[in-house]
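# need a 3D model of the following:
(2 chains)
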Protein chains: 2
Amino acid sequence: MKLRVHVLGLDAGGKTIAIINEEDAREFGVHPLERIVLRKGSKKLTVVVNTTKKFVKEGNIVVYKEVSERLRLKTGDTVEAEPRETLASKYYIRKKIDGGELAANEIRCIVDDVLDRNLNDLEMAAFITALHIHGLTMNEAAALSKAMVATSKKIAFHGTVVDKHSIGGVSGDKTSLLLVPIIAAAGLTIPKTSSRSITSPAGTADRMEILAPVELDIKSIKRVVKKVGGCLVWGGAGDLAPADDLFIQIEHPLSLDPLLLPSVMSKKKVAGSKYVVIDIPVGLEAKIKNKEEAEKLAKKFIMLGKDLGIKVDCGITNGNQPIGYAIGPALEAKEALETIMRIKKPTDLLDKATSLAGLLLRMCGKGNVATAKKILNSGMAEKKLRQIIGAQGGNPKIMPDDIPFADHKISIKSGSDGIVTGVSDDRIAYVAKVAGAPKDKLAGIMLNKKIGDSVKKGEILFTIFAEKRQKLNKAYKTARSMHIFYILDHKERKMLIERV
Amino acid sequence: MKLRVHVLGLDAGGKTIAIINEEDAREFGVHPLERIVLRKGSKKLTVVVNTTKKFVKEGNIVVYKEVSERLRLKTGDTVEAEPRETLASKYYIRKKIDGGELAANEIRCIVDDVLDRNLNDLEMAAFITALHIHGLTMNEAAALSKAMVATSKKIAFHGTVVDKHSIGGVSGDKTSLLLVPIIAAAGLTIPKTSSRSITSPAGTADRMEILAPVELDIKSIKRVVKKVGGCLVWGGAGDLAPADDLFIQIEHPLSLDPLLLPSVMSKKKVAGSKYVVIDIPVGLEAKIKNKEEAEKLAKKFIMLGKDLGIKVDCGITNGNQPIGYAIGPALEAKEALETIMRIKKPTDLLDKATSLAGLLLRMCGKGNVATAKKILNSGMAEKKLRQIIGAQGGNPKIMPDDIPFADHKISIKSGSDGIVTGVSDDRIAYVAKVAGAPKDKLAGIMLNKKIGDSVKKGEILFTIFAEKRQKLNKAYKTARSMHIFYILDHKERKMLIERV
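Below you'll find the model as predicted:
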C-alpha cells in the first residue's frame, strides 16, 4: 500500500515509530504496537505502528524523526508500506514463556531482532519476565553471552587484560577507585567501564567524574589505557554492548535483572579480559541476601567464564552497611582520594579494595593481598590514580580540599548511649537521594558511626549534605521519620530501635 | 520542580505521555517509560516520561494532546512536576511474577491502576506474561472478574438475560447469527456483543455489519434489546469493560490470553446475564487441541460462573474445519441469511446453532434442541433476525441476492479422485486474509467440499473471492503453495497429501 508521508520533527528515543489510520492498520492486519515494513527506493525499515481514528487520515502516515532520517523521507513523499512476516524470534520468545530451553541459534535470532529493533517493548518485556521466572540454563547464558559478544565491536588492549565487577546493591562503594590504580600499578591492564546511577546515590562513573572526565569515546579509552594501563570511564558512551543496552532499557523500569551474568561477562569478553574478579556483596538489604545464594551465583559466574575463556574469581563481601563513610558523588570521590593518599583509613573500604585486588593479582600470578596493600601503602596506587586522572583529562594534582562541600548540611544525633548494631543501607541511600544525589553532585551523607561503634547520647550519627536548602529540609524530615541506626543499649541490654 | 510547557498537537492513543530532558529525568530519579506526576492548579495527572538529550532542554516539558487537555495546559504555561511514589500495584505484579497468589484487594489495586493509566506497557506486559506462565487460581480469576465488574457500568435489560460466547479459533463460525434470533424468538433476552476481527478473516461484528449497523452506543443497544429481545452489535463502542479493553491492548500483540475467563465472564455479569452457554471448539488447529483440555476449561467457566451468580453450560464443539461453507464477512452473512431462510442447509452450522441454543433453552427451562430446531424451521428465527436487523437500522427485508459478490474470483480444483479427509482451517483462514478479508468485506472463500465429501479429479474444491485483482492473484499463489485439502485416494487406499 502506498502512503503519503508527514514528517514529525520529534524523536522517539531511538525507536522507529509511525502513526497510521485505524482502517489502514486493519488492512495490514496489525494491532497497535505491532510492526509494518516501509520501503523507499532501495531502503527498507521496520516501524512500530501507532493508530488513530482521526489524527491521521486513511492513506497517510506520520513518521517520527528516526524514520524520516533513516528512510530520507520528507513531508509529501510517498512510501510503500506492507505487513511484516511474523518474526521467528516471536516464536522463540513464546517458547521461553512456555518453559522451553532456547538453542544457541534461537537466542542469536532474538538478539539480532533486538538490535534491528524488530521486537517491540511488549515483546521485550514478556521475554525479560519469562527469563526472570524460568531462569536461564547455563547453555542459554553462554549462548546469550556469545550472541552479545558477536554483535559488539571487540576492543584490543595491550598486555594482560583483567577486570573487576560488582553486582552492586550496597551504597558508598568506591572500591573501584582504589582497585583500578592498584591493579594498573602492578603492571596489568584494567580498562574499567562503569555505569552512572539513576536509582542509587552514586555510580562509579559519577564518583570518578568528580576527579576527571568519564565520557570518553572508544578511541580515547584506548589511548588512556595504552598510556597508563587503566581507566575509570563511563560505559555508556562507547556503544560497547549494543544488545545489552537495549535489554537494560527494559530491565531497569521493571526492576528485573535476569541477564546479569551474560550482561557482565559479555562486556568483559568484548574488552578482551582474561582474568575477572566479581564482587558479590551479601546483606539483608543487598541484592543477594545470604552466603548460600552468593555461592550459587559465584559458581555460575565461574562456569560461564570457563565457557568464554575467562578465568573468574568471586569475592563474597559484607554488604550489611555502606562501604566507608561517604555516600554521594563528591563525598565519595573525596573519601577515595583521601584513602588512596593514606590520609584516612576506612577499614572496610581498605579491606575490600585490597582483598579483591589481591584475588586478581593471585589469579595472574602477580602476588596477593599483601602485594595489593604494599602498592597502596607505598603511594604507587596514588601515583597511578593521578596518572589515570591526568590521562582522562582531569587535574592530576587534585587534592581532597579541591573538592567542594555542599552549601547546606545538617547533622543527626543519637538519642541514646549504646553500640551501633545496624545501619540501614537502603534508608541511608534513600535519604541521600532525597538530598539530591546523584544529580546534585555535592549532595549526600557522611556517616560518623558504623556498626560496632560506641555512641553517646547527643553524638553525631551522620550528616546530610545538600546543594539546595529545600532538599536538605526534605532529606532531614525523611531521615527523622525512618529507623536508620539500630543502637543496642549498654545498660538495658536490649535492642532499641533508635528513631533518630 | 517547575517546568515550562510546550504542547504537541499529537494524540498518543489515550496514553498520557510527556517528554523531558535526560538530566531532569535523572533529577526525578526516573528511567524512560517510568512516571512522574504533573500538577496544574488543583488538577493532577500521572504521565509516562520519554527522555531526550537535546530535543527538549532542561526545565522544559513537551506534552501530548491527552496531557494538555486533561490539565488544560497551553504552550508557555508552567507546570509543577514531581516524582511519583512507587505504586503498590508494582509490588503486586512482582508478587505474581515471583509465583505468589494475589489477594482480592491486590487485584483490585492493579485493576484501578490499569484504569488510571498508572501502569506502563512494560509493567502490563510483565503482568500478562506472569499470568500466562503461572496461570490464575480460581480465587484470582473470581477476584479479577469482580474487579472488572465493579469498574464497569452495569446495564439493566428486561426479562431473563442470557448469552452465548465462543472462545473462538475456528473460521466461518456464523453460529451467533442463527442462535441469537432463535433465543430471542423463544422469549429470552440476549444482548449479544461481539468483536471485529483483526487476525481472522471475520468476526461476528464484521458478519453482522453486512446486514445492519453494529456500532451502537449503550442507549441504542438498550432500545434495540427492549424492542426485539436481542441484538448483534460490536462490543467496542460502548466502553462496556474498560479494564478488560486495556488488558486486551496488551494481550493481542503478545498473542497471550491469560485473562480469557475473567474477560468473558465479567462482561456477561455486567450485562446481567443469568444463563450463559460457552462454545469451546476443539481441533488440532483450534485454540483447544483435545477434549480433556476442553473439559478442564469448561469446569473453570462453570466454577467461575457459580462465583458470579451465573449458570454456565459449555458446549464442546468440532473445530476441525471451517463452520459451513463461507469464510469472509459478506460471504458468511449471506450463508447465515440463506440458512436461517432455509434456502441452504449446511449440516454442521445448523447442528452447532441448534445444539448450543438447545443448551441455553434447557438451562432456562424453555425447551431443548428440538425447540431450537422448531423455532428455526418454522421461520420464527428468520422473522426475529429481520426484526433485529431493522431495529439496528438495517434493511429488514434484505435478501441473499442483495449481498454483492466480489468482482474477482478463481476456483481451485482437485488433482485426484478420493474422499476429503481434512481441510486446514488455519490455511483457509490465511488465504482468505491474503484475499483481503476482513477489511475487504466481499473477499473470502467459498468451500465446495468438506470433510467426508467425495471428490473427482477436476471438481472445484473451493473458490477465492477478492475485491482487488492483485489480492486475488496473491491469494491464489498462496493457496497453490499450501496443503489445504487432504484427500484419501479410493483406489490406492493411501493418504495423498493433495497439493492443490
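# now A:Pro32. Nearest residue, chain neighbours left out?
A:Thr51 (4.8 Å; Cβ to Cβ, 6 or more residues apart in numbering or on different chains). For every residue, glycine as well, the C-beta is placed using N, CA and C.
# isn't that neighbour up against A:Ala18?
No - using Cβ atoms under 8 Å, A:Thr51 is not in contact with A:Ala18; the gap is 10.0 Å.
# of the two, which one has the most company?
A:Ala18 (28 against 20; other Cβ atoms under 10 Å in any protein chain shown).
# what values do phi and psi take at the more buried one?
Note on A:Ala18: backbone dihedrals following degrees, to the nearest 10 are phi -140, psi 150.
# got a list of what it touches?
A:36, A:38, A:47-50, A:61-64, A:67 (Cβ atoms under 8 Å, 6 or more residues apart in numbering or on different chains).
# can you redo those as TSV with pLDDT and neighbour count?
Below are the contacts of A:Ala18 laid out as TSV (pLDDT from 0 to 100; neighbours: other Cβ atoms under 10 Å in any protein chain shown):
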residue	pLDDT	neighbour count
A:Ile36	90	23
A:Leu38	94	24
A:Val47	89	27
A:Val48	84	24
A:Val49	87	24
A:Asn50	84	22
A:Ile61	94	27
A:Val62	91	22
A:Val63	91	29
A:Tyr64	87	22
A:Val67	90	26
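# inside helices: which ones of those?
A:Val67 (DSSP state H).
# need the contact list for the nearest residue to A:Val48 once chain neighbours are set aside.
What sits nearest to A:Val48 in space, not counting adjacent residues and going by Cβ to Cβ, 6+ apart, is A:Ile17, at 5.0 Å. Contacts for A:Ile17 (Cβ under 8 Å, 6+ apart) come out as A:47-48, A:50, A:63-64, A:66-67.
# try it again at 10 Å.
Contact partners of A:Ile17, counting by Cβ atoms under 10 Å, 6 or more residues apart in numbering or on different chains, are A:8, A:10-11, A:33, A:47-50, A:62-67, A:120.
# one more: A:Thr354?
A:175, A:178-179, A:182, A:361, A:368-377, A:381.
# most neighbours, which of these?
A:Ala381 (31 neighbours).
# close enough to count as contact, that one and A:Val180?
Yes - the criterion here is Cβ atoms under 10 Å, and A:Ala381 meets it with A:Val180 at 9.1 Å.
# just the C-alpha atoms of whichever strand or helix holds A:Gln470, please, in PDB.
In the assignment (DSSP states H and E), A:Gln470 maps to helix A:469-480. Written as PDB, here are the backbone C-alpha positions of helix A:469-480 (Å, rounded to 0.1, in the frame of the first residue of the first chain):
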ATOM      1  CA  ARG A 469      18.200  24.200  51.300                       C
ATOM      2  CA  GLN A 470      14.800  22.800  50.300                       C
ATOM      3  CA  LYS A 471      16.200  19.400  49.500                       C
ATOM      4  CA  LEU A 472      18.200  19.400  52.800                       C
ATOM      5  CA  ASN A 473      15.000  20.100  54.800                       C
ATOM      6  CA  LYS A 474      13.100  17.300  52.900                       C
ATOM      7  CA  ALA A 475      16.000  14.900  53.500                       C
ATOM      8  CA  TYR A 476      16.200  15.800  57.200                       C
ATOM      9  CA  LYS A 477      12.500  15.200  57.600                       C
ATOM     10  CA  THR A 478      12.800  11.900  55.700                       C
ATOM     11  CA  ALA A 479      15.700  10.800  57.900                       C
ATOM     12  CA  ARG A 480      13.800  11.700  61.100                       C
END
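# give me the buried positions along it.
A:471-476, A:478-479 (16 or more other Cβ atoms under 10 Å in any protein chain shown).
# show the subsequent helix or strand relative to it.
With secondary structure assigned by DSSP H and E, helix A:469-480 is succeeded by strand A:485-488.
# ok, back up a step: quick one, phi/psi of the residue nearest to A:Val48?
phi -120, psi 140.
# which pLDDT value belongs to it?
Model confidence at A:Ile17, given as pLDDT, is 86.
# so how far is chain B from it?
10 Å (Cβ to the nearest Cβ, to the nearest Å).
# cool, A:Phe28 as well?
9 Å.
# which non-adjacent residue is nearest the residue in chain A positioned nearest to chain B?
Closest to chain B within chain A is A:Ala125: 3.7 Å, counting by Cβ to the nearest Cβ. Excluding its sequence neighbours, the residue lying closest to A:Ala125 (Cβ to Cβ, 6+ apart) is B:Ala125, at 3.7 Å.
# do A:Asp173 as well
A:Asp173's closest residue in space is A:Ile323 (Cβ to Cβ, 6+ apart), at 4.4 Å.
# could you do A:Tyr486 as well?
Nearest one to A:Tyr486, counting by Cβ to Cβ, 6+ apart, is A:Gly422 at 3.4 Å.
# so that neighbour is in contact with A:His483, correct?
Yes - using Cβ under 10 Å, A:Gly422 is in contact with A:His483, at 8.9 Å.
# more neighbours, these two?
Using other Cβ under 10 Å as the criterion, A:Gly422 and A:His483 rank with A:Gly422 on top: 19 against 12.
# work out for me the element that one sits within.
strand A:418-423.
# how far does that strand sit from the chain's center?
The chain centroid and the centroid of strand A:418-423 are separated by 30 Å under Cα atoms, centre = their mean, to the nearest Å.
# who does the closest residue to A:Asn448 other than its chain neighbours form a beta bridge with?
Leaving aside its sequence neighbours, A:Asn448 sits nearest to A:Ile460 (Cβ to Cβ, 6+ apart; 4.6 Å). Per DSSP bridges, the residues bridged to A:Ile460 are A:Lys413.
# who are the contact partners of A:Ile460?
With Cβ under 10 Å, 6+ apart, A:Ile460 has these contacts: A:411-414, A:446-449.
# which bits of the stretch 351-500 of chain A sit near chain B?
A:433-434, A:436-440 (Cβ under 10 Å from any Cβ of the partner chain).
# the residue of chain A closest to chain B belongs to a strand?
No - per DSSP: H, G, I helix; E, B strand; the rest coil, A:Ala125 lies outside any strand segment and is helix.
# can I assume it is in contact with A:Pro253?
Yes - look at A:Ala125 against A:Pro253 with Cβ under 10 Å: they come within range, at 8.8 Å.
# identify the contacts common to these two.
B:33, B:120-123, B:126.
# by neighbour count, which of those residues wins?
B:Ala126 (31 neighbours).
# could you find the closest non-adjacent residue to that one?
A:Thr129 (4.3 Å).
# specify the angle between the helix or strand hosting the one you found and helix B:121-134 in degrees.
Using DSSP H and E, the element containing A:Thr129 is helix A:121-134. Put simply, helix A:121-134 runs at 40 degrees to helix B:121-134, going by axes from the mean of the first three to the mean of the last three Cα atoms, to 10 degrees.
# OK, contacts around A:Val225?
A:Val225 touches A:155, A:157-159, A:161, A:184, A:189-192, A:231, A:233, A:271, A:388, A:391, counting by Cβ under 10 Å, 6+ apart.
# could you flag which of those residues are buried?
A:155, A:157, A:161, A:184, A:189-192, A:231, A:233, A:271, A:388, A:391.
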